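**Student:** Got a predicted structure plus its sequence, pasted below:
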Amino acid sequence: MSGKEKGLGTAAFGWWAEYLEPRDTNPAARALAARLRRAGPVEALCEPAVHKLAQTLHVTGDEAETAALVRLVCLLAEVRERDVVPLARRLGGNEPVLSHARFEKLMRAEGANLTDLIRRAIIMADRRCNVGALARDLWHWNDRTRTDWCFGYFHADAPQHDSKETIR
């Protein structure tokens with residue numbers, strides 16, 4: 001994992017821990033999480049906390065980056081509890097909480113459909129997962145990420161990626 005990838009996960013986790021995790025004790029965090037869970041792109045981008053994360057991640061305003069930022073914050077608002085286990089691993093295994101057919105549908109999804117299916121997956125995983133890993137995966141959602149999720153879902157060791165490979 002490159003430093004940039006690790007930095008993205010760390011930054012997103014720090015943001016989540018500051019703005020969303022204390023929702024049980026902080027009414028402002030609870031309200032922000034509720035607004036982000038229901039937000040469309042414009043509503044999410046109207047939140048000052050979202051711009052704090054955008055600054056930390058050095059979001060340029062590029063359409064793809066902005067869409068990734070919105071998806072990221074709206075889905076992180078669904079996560080209630082941190083865990084060391086990545087979401088894909090929590091979903092699968094010998095007794096999966098997400099059926100194989102639904103997982104396959106998730107792996108094929110794009111755009112708003114992807115966001116909806118990941119939201120449902122987070123809920124099915126008791127709103128608990130590795131926040132930093134989820135953030136990296138959401139930001140870099142591509143074939144490499146999907147491959148890693150497939151191995152995670154089936155609790156298998158993922159193949160090692162070439163260190164010269166481009167950042168996902």
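**Tutor:** In hand now; what should we look at?
**Student:** Could you identify the longest helix within this structure?
**Tutor:** If you go by DSSP state H, the chain has its longest helix at helix 3-19.
**Student:** which residues does R90 contact?
**Tutor:** D83, V97, A125, D126, R128, C129 (C-beta atoms under 8 Å, 6 or more residues apart in numbering). Every residue, glycine included, has its C-beta placed from N, CA and C.
**Student:** mean confidence for the longest helix of the chain?
**Tutor:** Model confidence over helix 3-19, given as mean pLDDT, is 85.
**Student:** and the very next helix or strand once past that helix, what does it pack onto?
**Tutor:** Per DSSP states H and E, helix 3-19 leads on to helix 27-38 as the next helix or strand towards the C-terminus. Here helix 27-38 touches helix 63-76, going by 3 or more C-beta pairs under 8 Å, 6 or more residues apart in numbering; DSSP states H and E.
**Student:** Quick check: buried residues in the helix it packs on?
**Tutor:** Neighbour-count burial for helix 63-76, counted by 16 or more other C-beta atoms under 10 Å, picks out T66, A68, L69, V70, R71, L72, V73, C74, L75, L76.
**Student:** want to try JSON lines for those, with distance to L91 as columns?
**Tutor:** Formatted as JSON lines, those follow (distance: C-beta to C-beta, whole Å):
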{"residue": "T66", "distance to L91": "28"}
{"residue": "A68", "distance to L91": "21"}
{"residue": "L69", "distance to L91": "24"}
{"residue": "V70", "distance to L91": "23"}
{"residue": "R71", "distance to L91": "18"}
{"residue": "L72", "distance to L91": "19"}
{"residue": "V73", "distance to L91": "21"}
{"residue": "C74", "distance to L91": "19"}
{"residue": "L75", "distance to L91": "14"}
{"residue": "L76", "distance to L91": "17"}
